[in-house]
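1. fold the following, please.
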Amino acid sequence: MVNYSDEEGLNCSYTYHLRQDQNGFIWIGSDNGLFRFDGKEFKQYGKKEGLKNIDIISCEPLPNGEVFILPFLNDFAYLKNGRVINLNINDYVKNQFSSSIPKITRDGNRLYFYGNLNPQNIFIYESGKVKKIPIPLDYGKRYFATLRFEPHTYNLYLHDAHQRNILVYNILTGKKQYLKAETGSMICEKDDLFVFLNKNTIEVYQLSAPSGIKKILSYDCGTQENVFYGVIDKNNKLWLNISNGGVLYFNQSLTEKNKNLSAPIKILDRYVINNVLVDKDDNVWFNSRNNGVFFISKSLFANHINLPVKSNSEYIKAIAKDNGNILLGYNQSAGALISKDNRIQNIILDKGDKDENIAIYLKGNISIFGLSGKVIVHDIANNTSKKIYCSLKNIVSYTQDSLLFCTSGGLLTYSLKTKKTTTLFQERVYTVFPYDKENLFIGSFSDLYKYNIRNRKKTLFLKGYYFTDIKKLDDHTYLGATNLHGIILFNTQGIIRKIGKNDGLINDQVKKVEVENKKTFWASTNSGISRIELTEKSQNINNFTQTDGLPSNAVAGCVIKNDTIFIGTSRGLGIFSIKKLLTQEKFIHKKVVINSVSIENNEHYELQKSLTAYPHNTVIFNLSFLDYPSLGKISYKYMLEGLNSSWQINNSSKVIFNSIPPGKYTFRVYGLGYNGKQTYASTDLTFYIKPLFWQTWWFRLILAILIIGTLLMIIFSYLHKKRNKKLEKMEYEKKIAELELQAIKAQINPHFIYNCLNSIQFLLYKKDYRETENYLDIFAKMIRKTLYYSEKTFMPIKDEVEYLTLYLDMEKLRVKDLFDYKIIISEQVDPNWTIPSLLIQPFVENAIKHGISGLKDRKGEILITFDYTNVSLCITIEDNGVGIPNQESLKKDNSFGVKLSHKRIETFKQLFDINIFLEINAFRKQQTGNTNQTLYKTL
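-> Coordinates of the predicted model:
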């Protein structure tokens, strides 16, 4: 038995009733509140949690997760999502339960509770609300004990002890039915079964259709067993609580067709047990009056109940066998012999001596108990003993009639015939094994030696290994149990194979080994026992612990008899069928329970709803793994799918995550039992980490847009500023150019007027007044047009032609028809096209002055053409003058007006981004000269 009390967290004096909810939690009513147990921790609900009354008799867990709480004095409450809610219905129930605990019938999430004697109402609890149904029955002066209420039929079963019958009363129709039964006081009931105590006899009744009710079983308890309570468990087996201590367990179903109950097994007879619970996994729980809660696992209980040897609870330190008999050595100067027919015979060596057994030996009637300070040779048949004083470490069979004693003073041989000892080797020896007639393996505290008996030569064989036991596996292979290095397989040449904890062995510290066959052996440790089956290159290992039914994990050793293994432990002897042991489940058929999830101090219980958190939140998973046989020695294997793919193992029931990035995650967790077994499936919970507003896609999009927009604005602003600067510069340059153009024009006008005045002066000098008058008339027109067009930047071609005509007529008059001229406008040229104003006149003037003015042998000719070629307007001024000898002469003789025109062309290019090209072709022929001046303007 495992006992849970104050030290484990069950801090109360009295424990009353036990219940188990649908998840598997154990609920315990006590005088210090309500406790919930998950196999590892006790969770207390008391005054601090909101209970008005902490004397909790019982509770009723419901499928919807609520727990209805029944205190001693009516202050009913219920537990939901970890919070205590008081019902405050004392006035409503009018103290109907002030003198007794109500009886309760559960129907789904609905509870019916009512009084034990002459009930007045049926109270119905559901989802935090209570209503009542009156019972319209006139009891008169009779006293009826309530047996049960059936919610589906509304039948109320009442027991009249004086009339020895059962009244079935329908509270809706008022119909009555009497069932005849020779009954006493009711002990317990379940489904259609009723258990009564009639004087000293236990009687079991069953409801049946024809007769109403019939007695099916009975058992005479006698006068010594005072039964005060009972339970019919989930397997329909009966448990009876005895007021003077203990529980009677009837190991048969009450529905079996037997006339009498078989003799019960009495358990925990030193304790008063208030309640018994057989849980969903057939583990058994006992609520005691002043000693907390006792627990025994299904496998251990089944082993205890079905064990052929009944007295087996001693602390076993050594075990041996011979010819079907088994010898046990205890942790005191005593032992026991288990015969072939499973009868146990206690052997008292030194009464009151607490010297524990180190090693034992059995052969026939001779049993040898090697205690820590002496060896006692005990004759079982005669019950006589002989003592040999030595500090024993081990006993090993040597020959058919002799033994080897490993002692702190050396290696001794003991003759079974002469009863004498002989010293063989004078050094401390912990273990020994004879591998042939003359040679021994001798183990010290740290090494293994080979020792030759004949020449007394000791040779170091295996260094650094402390062997605790050596056995022969086959003809050439030996098996060694070590204190720190697991199992060593070796032969006379050296080590063949090592098997340790990393290979699956339950513990590297091995006490004893026992050979099952040439390929299979058992290793006993303080953590349980391992069965190792060798294969060609590896081994198959099965580990067994308390969860598999061992009385304790501290195993001293074992012996095998046919298919049965006898395992000596610190809490008694375990007897198992090897075949049944090997059929153990590979997985634990449970799942981890996620009790709640805490997100930033907010605890969430309704886990079927969507769970969300934020990256800065701390997420805590509160877990329970209800593997009660592991006795709290459990761990959790978990992974957060979506964050990483590696599994973590944690012993804590709280798994904490911090700073989880936004996304969808699935928390997956397995439970690991004490012996390393894993749950058959993981428990999964999906939750979401919502991004903070600056982590959302829309915020990132907006931020990207803002950043891009800001960059674009900066770029546009920069480009705009740069463009504005360029425009300002261009505007500035344009103004300068315009000023330059105006200056040039201002220079052209005086220059032109100066030339005209020279001509007038020349005519006056010649006293040619008629010509002077004509010249002045044309000159006046020219001056008007010059002044008009000098204000214009551009002028149409037709106006330019008109202006040129006036100028040429005036010049022709001045030189007395020295030349003729012709102006031709091509059909491809539109006369309305505009060209820079007054740009052509200086080149025409240049043709007259430098081209034809010096002609004596012929009349001069000037041809001005306006043509359109290759998207360009081509204006050509051509004369038949003497020409210019070379380019240097051209530059030297070029007029001031042409120079100004060059400047105007450059200014126009700068101002208006137009292409104006000037070509002056001045060449001389032998007969005639020719000057060609061409202007190209790209349209």
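2. any low-confidence regions in the stretch 351-500 of the chain?
-> Counting by pLDDT under 70, the stretch 351-500 of the chain shows no low-confidence range.
3. okay, now the unreliable bits of the stretch 1-150 of the chain?
-> Using pLDDT under 70, the flagged stretches of the stretch 1-150 of the chain are 94, 98.
4. got the residue ranges for the helices in it?
-> Along the stretch 1-150 of the chain, counting by DSSP state H, counting those that start in this stretch, helices occupy 90-93.
5. which stretches of it form strands?
-> Ranges of strands in the stretch 1-150 of the chain, per DSSP state E, counting those that start in this stretch, are 2-4, 15-20, 26-30, 33-37, 42-45, 56-61, 67-71, 77-80, 83-86, 103-107, 110-114, 121-126, 129-134, 145-150.
6. pull the distance from the second one to the chain's centre.
-> The chain centroid and the centroid of strand 15-20 are separated by 35 Å, computed with Cα atoms, centre = their mean, to the nearest Å.
7. relative orientation of that strand and strand 33-37 in degrees?
-> Angle, strand 15-20 to strand 33-37, by axes from the mean of the first three to the mean of the last three Cα atoms, to 10 degrees: 40 degrees.
8. show me the contact partners of strand 15-20.
-> 26-31, 56-61, 274-277, 279-280, 285, 287-289, 292-293 (Cβ atoms under 8 Å, 6 or more residues apart in numbering). Where C-beta positions appear, they are placed from N, C-alpha and C, glycine not excepted.
9. as PDB, could you dump the C-alpha coordinates of that strand?
-> Below are the C-alpha coordinates for strand 15-20, written out as PDB (Å, rounded to 0.1, in the frame of the first residue of the first chain):
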ATOM      1  CA  THR A  15     -11.100  11.800   5.000                       C
ATOM      2  CA  TYR A  16     -14.600  10.800   4.100                       C
ATOM      3  CA  HIS A  17     -15.800   9.900   0.600                       C
ATOM      4  CA  LEU A  18     -13.800   9.300  -2.600                       C
ATOM      5  CA  ARG A  19     -15.000  10.100  -6.100                       C
ATOM      6  CA  GLN A  20     -13.500  10.000  -9.600                       C
END
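10. so residue 236 makes contact with residue 278?
-> No - counting by Cβ atoms under 8 Å, residue 236 does not reach residue 278; the two are 10.4 Å apart.
11. among these two, which residue is more densely surrounded?
-> Shown here are residue 236 and residue 278; by other Cβ atoms under 10 Å, residue 278 has more neighbours (21 against 14).
12. look up how far residue 335 lies from the closest residue in space to that one that isn't next to it in sequence.
-> Once flanking residues are discounted, residue 278 sits nearest to residue 233: 3.8 Å by Cβ to Cβ, 6 or more residues apart in numbering. For residue 233, the distance to residue 335 equals 37 Å [Cβ to Cβ, to the nearest Å].
13. who has more neighbours out of these two?
-> Ranked by neighbour count (other Cβ under 10 Å), residue 233 and residue 335 place residue 335 first, with 27 against 18.
14. and the more buried one, bridged to which residues?
-> Beta-bridge partners for residue 335, by DSSP bridges, are residue 329, residue 347.
15. hang on, it packs against residue 360?
-> Yes - contact criterion Cβ under 8 Å: residue 335 and residue 360 qualify, at 6.8 Å.
16. please enumerate the shared neighbours of these two.
-> Common neighbours of residue 335 and residue 360 (Cβ under 8 Å, 6+ apart) are 327-329, 367, 369.
17. now those in TSV, with distance to residue 682?
-> What follows is the shared contacts of residue 335 and residue 360, written out as TSV (distance: Cβ to Cβ, whole Å):
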residue	distance to residue 682
327	48
328	44
329	46
367	53
369	51
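18. coming back round to it: which one of the strands of the stretch 1-150 of the chain lies nearest to residue 421?
-> Relative to residue 421, the nearest member of the strands of the stretch 1-150 of the chain by Cβ to Cβ is strand 2-4, separated by 44.2 Å.
19. which other helices and strands does that closest one contact?
-> In terms of contacts (3 or more Cβ pairs under 8 Å, 6 or more residues apart in numbering; DSSP states H and E), strand 2-4 is packed against strand 293-296.
20. and the next element down the chain from the strand it packs on?
-> Once strand 293-296 ends, the next helix or strand along the chain (criterion: DSSP states H and E) is helix 298-306.
21. chain center to that next one: distance?
-> 38 Å.
22. that older thread, columns distance to residue 758 and mean neighbour count on top of the strands of the stretch 1-150 of the chain, output as JSON lines?
-> Formatted as JSON lines, the strands of the stretch 1-150 of the chain follow (distance: least, Cβ to Cβ, whole Å; neighbours: other Cβ atoms under 10 Å):
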{"stretch": "strand 2-4", "distance to residue 758": "137", "mean neighbour count": "18"}
{"stretch": "strand 15-20", "distance to residue 758": "135", "mean neighbour count": "22"}
{"stretch": "strand 26-30", "distance to residue 758": "133", "mean neighbour count": "25"}
{"stretch": "strand 33-37", "distance to residue 758": "129", "mean neighbour count": "24"}
{"stretch": "strand 42-45", "distance to residue 758": "126", "mean neighbour count": "19"}
{"stretch": "strand 56-61", "distance to residue 758": "131", "mean neighbour count": "22"}
{"stretch": "strand 67-71", "distance to residue 758": "130", "mean neighbour count": "23"}
{"stretch": "strand 77-80", "distance to residue 758": "123", "mean neighbour count": "20"}
{"stretch": "strand 83-86", "distance to residue 758": "121", "mean neighbour count": "15"}
{"stretch": "strand 103-107", "distance to residue 758": "136", "mean neighbour count": "16"}
{"stretch": "strand 110-114", "distance to residue 758": "133", "mean neighbour count": "21"}
{"stretch": "strand 121-126", "distance to residue 758": "130", "mean neighbour count": "19"}
{"stretch": "strand 129-134", "distance to residue 758": "129", "mean neighbour count": "13"}
{"stretch": "strand 145-150", "distance to residue 758": "145", "mean neighbour count": "19"}
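23. so can I have JSON lines of those showing distance to residue 536?
-> Below are the strands of the stretch 1-150 of the chain laid out as JSON lines (distance: least, Cβ to Cβ, whole Å):
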{"stretch": "strand 2-4", "distance to residue 536": "42"}
{"stretch": "strand 15-20", "distance to residue 536": "48"}
{"stretch": "strand 26-30", "distance to residue 536": "47"}
{"stretch": "strand 33-37", "distance to residue 536": "47"}
{"stretch": "strand 42-45", "distance to residue 536": "50"}
{"stretch": "strand 56-61", "distance to residue 536": "53"}
{"stretch": "strand 67-71", "distance to residue 536": "57"}
{"stretch": "strand 77-80", "distance to residue 536": "58"}
{"stretch": "strand 83-86", "distance to residue 536": "61"}
{"stretch": "strand 103-107", "distance to residue 536": "59"}
{"stretch": "strand 110-114", "distance to residue 536": "63"}
{"stretch": "strand 121-126", "distance to residue 536": "65"}
{"stretch": "strand 129-134", "distance to residue 536": "70"}
{"stretch": "strand 145-150", "distance to residue 536": "65"}
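24. in the helix or strand hosting residue 450, what counts as buried?
-> Using DSSP H and E, residue 450 maps to strand 447-452. Neighbour counts over strand 447-452 (16 or more other Cβ atoms under 10 Å) mark 448-451 as buried.
25. same thing with stretch 280-291?
-> So, applying 16+ other Cβ under 10 Å, buried residues of stretch 280-291: 281, 283-288, 291.
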